[in-house]
Each structure stands twice: as C-alpha cells, then as structure tokens.
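>>> below is the sequence, then the predicted model.
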Amino acid sequence: MSSLAHAATAGLNGDAKTPAYSKILLLGQRRSGKTSAKETVFMNLPPKQTFYLESTPRITKTRFESIVPFELWDCPASTSVAALGVPLTEISSLVYFIDVQDTYNVPITKFVALVLDCLRENPDIHFEVLVHKAESIPEEYRIENFRIIQNRLSDELEDVGIDLREVQLNYHLTSVYDHSLWEAFSHIIQRNFGADFLESCLNLFCANSQIQKAFIFDIATRIYLATDSSPVDPADYALAWDYVNTLRQLEPLYSPKGRTGPADAWGTSIVRLNSSTTSIVIAYWQLNTHLAVVAILPAETYRERVALIDYNLVYFREGVQEGCELLASGGDAMRD
Amino acid sequence: MGKSGSGKTSMRSVIFSNNPASLTSRLGATNDVEQNHVRFLGDLILNLWDCGGQESFMDSYISSQQSTIFQHVAVLIYVFEVDSASNLAGSAEKDKDRERDVSYYRSCLAALARYSPEARVFVLVHKMDLVREHRTEVFQKRVKELERESDGVAITTFGTSIWDESLYKAWSRIVHTLIPNAKVLAKHLTTFAEACGATEVVMFERTTFLVIATSSTSTATSSELLASTNGAQAAEPADIRNSTGSTSPNSLDPTRYERTSELIKAFKLSCSRSQRQFQATVMQTATFTAVLEELTRNTYILVVVHDDEIETDAIRMNIIAARSKFEQLQSVSVTAS
Ligand SMILES: Nc1nc2c(ncn2[C@@H]2O[C@H](COP(=O)(O)OP(=O)(O)OP(=O)(O)O)[C@@H](O)[C@H]2O)c(=O)[nH]1
Ligand SMILES: Nc1nc2c(ncn2[C@@H]2O[C@H](COP(=O)(O)OP(=O)(O)O)[C@@H](O)[C@H]2O)c(=O)[nH]1
Ligand SMILES: [Mg+2]
C-alpha cells in the first residue's frame, strides 16, 4: 500500500519477507519538539495538544507503510550513535531539532558530534536540521535566526574537518502550527524514495489539462509525495496544504455516523479564490484510498475545460493506481 | 465586561478582526471603554463596548459612569476566567480575587437591571482550554455558583476558549438574539432545504462567519439557538435515518456549525495571506455533497446534501435563484429592528 499512515498495521506481515524499513531518526535537545512533530504529522494530533506531551524516556520506534516503508525513531536527547543498536548503514535520515528560542551552543555542539560519528560509518546519510518553533518568535527575527544557526553550524562542521560539499545536509524552518513542518517532512520522506513515476504522471496530467501546479498528497498525513517538475511557489504549496487540511477536518462533520459510501466514490472538492487580477481554483481529487492530487489552475481554464480535465483525470488516476500496485508487489519495476 | 486579563479583547479580535488566536498574547490591557462599530448584516450595526477590566475602571463603571455604561444595552457579556486545576487549590489570595470578581459581576447585574432591564445576559466561562481534566464538571460547577450569584436574573452560559470552536458557538448564539428576523430566516432556509433535497442548510455572516440561522430540519434550530441555560453539549439522539429514509441531521457531528465557522475562517485567513480571497467551495465525498457559496452581500450559505442523485450544479442554480429573495428578507429583517 502506498500510504504513510498505517502505524497500527505496521509490522504484521510476517518475518519471512520483511521489507527493509528505512530508518529516520528524530534527535535534539529535550523539549525541542521531536515527539510533537511525530504526533502531529504522522498521528493526527492537533498542534495545540502537543502542549500536554510528556518527555520520551527511551527510543520509541513507529513503523509506517509507505511507497517505501520506513520507521521513525523518536530518540531522547541523550541518545548516542552507539546506543542505537543497529549499524548506521541502516539509517537513511537523521532529523535534528533545534528550538529557535533556545540557546544554540549546546545543540550545535551535539549535532556536530553526531555528524562526525555518523559519517564514519555511513557517508550517505541525510542530515535534516529543523530550526523549530519558528512561530514563537516575531516574524522579523525568524529568518535572521535561521541564517545565524545555519552559518554557525556550517562553520563548526568545517572546523572539525568536514567537507560540506560531501555531506547531504538540509535546513528547514518549521512550526507545528502551520504548513512548514509538513513541507519539511515532505522533503525528508521524498528523499527516501524515488517518486519519479508520480512526477511523470503529474507532468503529463498538468500539460494535458493546462494545470499550473499540482501536488500528490498522502491524505492521512498531509505530506506531499510528489509534484510536477515546474518550480514550487511557496504560496501555492501553502494554499494547497491549507486546503487539504481544511477539507480533512470538514469531512467528518457532515459524514453520517455509521454510514460509509461506495468504496470507489473518490472525493472531489473545488475551491474558487479571487485576487485583484485573476481567479484561480484549487481542485482536490482523491486518487485511491491514500492519495489525492491537489491542482491549481486559472478559474477560467477550469470552467472552459472541465470536461477534458475530468477525462484526463480518469487516466491519471488509473496510472497512479497501477504504479502504486506495482510498487507494492514488486517494487523495483517502477524505478526506471 | 469582566476582570482584566479574562480574555475579552482577545475574543473580540478573533471573532471580529480575523486575528489568529496565537497573536492575542500580544494584546495590551484595554484602557477604559473601547467602542467598536461592527457592520454585521449589512445594515445591522453592532456597537461593541469592550470594557477594560482593571479595578479602577470597574469601580467607575458601577459608580460615576453607571448611567452611560448601562443604558441602552441589548446584551451584556460577562467573561469569567475558568479556574484551571492549578488555580483550584485556592490560596487565600485567589479566593479574595474571586470574591471581588463575583462582587463586580453582581454590581453590574444590578446596574443593568436598573438601566436596561430588557437586556440579555451571557456569561462566558473562558479559557476552558486550560482545564485538562473533567471539563464538563468544572464548567458545570462554576455555572451553578454563578447562577446562584445572579439573584434570579436569567443568564445563558457558555464554556469558551479562543483556541477552539467553542468561541464561535457562544458568539453565534449571542448574535442570533440580536437578529430581529431570525425566525423568518430559519423558516425560509427550511423551505429552501426542502426544495434542494438538502439535509440541512446553514447561513453564515460573511466576515465573522458566525452562524445566523439554520434550516429547521436540523436539530440545532432556532429553538436551540435561542435556548437559555447552559452551553454544555447535550447528548443528541443517534438515529441514523429519519422516517423518510433520508439522512437525519441528528446523525451528524453536533459541533459541526461552530467547527465550520472556525475552519472556514482559518482558511480565509490563509487565503488572504497569499493575497487571495475565498469565494466558494464545493465538496463531494462518499457520503455527502456540500456547497458553500455567497448568498447575499453579507452572507454565505452552506447546503449539505446526502443524496448522490442530486447534482452540485442543481444546488448552485437553486442558490442563485434564492439570492434575491434572501436579499429582500434580510433588508426587511434589519429595518424591522
Ligand atoms: N489559554 C487561553 N488564553 C487566552 C484565552 N483567551 C485569551 N487568552 C489570553 O489571555 C490574555 C489576556 O487577554 P485580553 O483579551 O487582553 O484580556 P482582557 O479581558 O481584554 O483584559 P483587560 O482589557 O485588561 O480587561 C492574553 O494573553 C490572551 O492571549 C483562551 O481562551 N485560552
Ligand atoms: N511554540 C511552539 N511550541 C512547540 C512547537 N513544537 C513543539 N512545541 C512545544 O514544545 C514542547 C516540547 O515538545 P516535545 O515534542 O515533547 O519535545 P521532545 O522532548 O523533543 O519530544 C511542548 O510543550 C510542545 O507544545 C512549535 O512548533 N511551536
Ligand atoms: Mg482588553
């Protein structure tokens, strides 16, 4: 299956052919926001309720069945590389949280030590630094603090002899209260699997339907798994995410208790937005149980071509469904 | 009215100025009375008086300023901060605070009885989000105390928080009492719902997205909207379908109106952050179709249908056809005041 959010059923399908779970570590100081991120992005916790989370005493592993299955390891601040108990070659990403309100010295020193330890065994590991709780400081300082942390970190990594051109290191400015955290995890997850076939499907669909921009979202987590190859305008992404987020909260309000519709009645939603110059629509089309495409296009194009778009959508949906099935059964078939 | 820091200005800015809840922590204390005219339903103007709650102000409200403050009041909203668990322990200091709070409240009620005896009184037990456990019990206990302190004045109480939909529920009910023709609107919405084959139809005010009226096929009709006594959630019967075999609104989430207000308002805010304006949306899921469109210059209408035979285009045609009728009703309802 191609969903990210199946923690509950994870790990049930026998040991004989256990898929290799790529491991994603969440590390950082106490209360830097690791558990909050995991719970809100992957387990549906409303952001406000992260306030009540208790600190995590030991490594907590959660499995997700994705296009590539993966495990999230929520690690207490004291975790050392040696304490992980697995070879570092099994770790695909190390996500490091730095609280933007905190003093930066200790977290930076610890991160540099971690990077050194990791690189010794696995130079391919992805390092993802989340400068977190961004919304807690005024807007005018956010970018500046973000830049200060990036510069400090690069300097210190170079000081211990690391060649930055040879490590995979990315920075993200995030908060549980908006799309930024989901955007960061979208990139983190995307780096762990080839979404090439989804991207090709999207390119074709967009070109044939005159769609400006489209994203494929995992419905349960609101992470996007792919987008067409045109450049991403952050405002477009934010709107698409906000719309998905709104829809998923609206839907249960008007769904009758205890009633389900036909299994293949895929959800469709359209919103029309105006600006001083143009009207656009954002369309949300469910593709299978787990995925939905969110497309942005001029309202006029949509009005004129709705029949054609609906027609293209049928083939697009089939393409994505087949691709996902192939991946689930064999995997590598889709790699080329 | 209410003690300083109880959250009056915060709720006003969330409901009427489209501020996100997270920015309210930057508000300063209100000095004296801040007056705001909010054009609500076109010609209906709400004159909001946000009365700073520091003691020196409170003292003058109930003494020298009494006749100014309490004359021509349609609605008094008194805001109490809930006693969260940590507060409950009750040091002597806290107890005194609370007594003072209640004594101001009683003075206000007395002044109101003198100058605006017809005014309705809403009491909000605010910052409910701070209560982690036994919310309903904590709320009900407080309500009992406050009812006892009200000397027989009928009050309507709500537990509220700027962090969730409860604030929209309370304010929808408050504003509802100020709309002169609310019952007529509800009746026409019901007719409209029947014409559309809709399970229910909800009318929202454009800028606040507060609920103005709902079709009376739904449970929270004007009768409930107008109900006095407390705002705790009554358990609703869980019958899935009514006798005609269509979906009964009873089987839907009882918090749906205020949640919808909150969600659409948040989405509108995100749109305006990207310099866009929310216009309309259509949503089709496995079990329902919902259309949210402009109805009149000042209102939006939400039509919810649980019948996949009914096309969204048909619903939209109906909305277009109904526009002038509701435009007319609305102007009647407002001038009647
Ligand atoms: N946790 C929580 N805090 C709230 C809530 N509503 C308001 N606050 C906070 O309470 C503080 C005081 O809010 P104000 O709205 O300025 O209080 P006020 O009643 O207008 O105070 P005065 O103007 O002095 O009378 C702010 O920091 C708000 O962020 C709520 O529902 N929950
Ligand atoms: N302001 C703000 N607080 C956050 C954010 N993310 C997490 N927190 C708070 O940080 C605290 C610690 O979070 P937690 O996830 O338990 O940290 P952990 O120890 O790293 O797992 C909690 O009180 C969260 O509410 C954020 O984006 N913004
Ligand atoms: Mg104030």
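Alright, I've got the coordinates. Keep in mind that what you see is a predicted model, and the values were worked out from it rather than measured. Ligands and ions are numbered 1, 2, ... in the order given.
>>> closest to the centroid, which residue in chain B?
Geometric centre of chain B, nearest residue: residue B:171, 1.9 Å, by CA atoms, centre = their mean.
>>> what about residue B:203, neighbour count?
Other residues within reach of residue B:203, judged by other CB atoms under 10 Å in any protein chain shown, total 24. Heads up, the C-betas are built off the backbone N, CA and C, glycines and all.
>>> hang on, I meant residue A:237
Using other CB under 10 Å, residue A:237 has 21 neighbouring residues.
>>> re the thing from before, tell me which residues touch the residue nearest to the centre of chain B, please.
Contacts for residue B:171 (CB atoms under 8 Å, 6 or more residues apart in numbering or on different chains) come out as B:11, B:15, B:208, B:210.
>>> what's the spacing between it and ligand 2?
With distances taken as CB to the nearest ligand atom, to the nearest Å, residue B:171 is found 26 Å from ligand 2.
>>> same thing with residue B:250?
As judged by CB to the nearest ligand atom, residue B:250 and ligand 2 stand 36 Å apart.
>>> which SS state does that residue fall under?
Put simply, residue B:250 is helix when judged by DSSP: H, G, I helix; E, B strand; the rest coil.
>>> closest one of the contacts of residue B:171 to residue B:167?
Closest approach to residue B:167 among these (CB to CB): residue B:11, at 5.8 Å.
>>> burial of that closest one, as a residue count?
Neighbour count of residue B:11, defined by other CB under 10 Å: 23.
>>> which stretches of the chain form helices?
With no chain named, the answer covers chain A. Counting by DSSP state H, chain A has these helices, from start to end: A:34-43, A:105-121, A:139-159, A:180-190, A:196-209, A:234-254, A:299-329.
>>> not what I meant, chain B
Along chain B, the segments classed as helices by DSSP H run B:8-16, B:55-62, B:66-70, B:85-88, B:92-115, B:135-149, B:166-176, B:182-196, B:222-226, B:256-273, B:312-335.
>>> which helices and strands does the last one pack with?
What that stands for is helix B:312-335. Of the remaining helices and strands, those touching helix B:312-335 by 3 or more CB pairs under 8 Å, 6 or more residues apart in numbering or on different chains; DSSP states H and E are strand B:33-41, helix B:182-196, strand B:277-284, strand B:289-294, strand B:299-305.
>>> which residues of chain A lie near ligand 2?
When proximity is defined by CB under 6 Å from any ligand atom, chain A lies next to ligand 2 at A:28, A:30-36, A:50-51, A:53, A:55-56, A:132-133, A:135-136, A:175-177.
>>> filter the residues you listed to keep only those in contact with ligand 1.
Among those, no residue lies close to ligand 1 (CB under 6 Å from any ligand atom).
>>> buried ones from the residues you listed, can you make that a ChimeraX selection?
Buried subset of the residues of chain A next to ligand 2, written as a ChimeraX selection, criterion 16 or more other CB atoms under 10 Å in any protein chain shown:
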select /A:28,32,33,34,35,36,50,53,56,132,133,135,175,176,177
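>>> close to chain B as well: tell me which of the residues of chain A next to ligand 2 qualify.
Applying CB under 8 Å from any CB of the partner chain to those, one finds that A:135, A:177 fall near chain B.
>>> identify the bridge partners of residue B:305.
Beta bridges link residue B:305 to residue B:289 when assigned by DSSP bridges.
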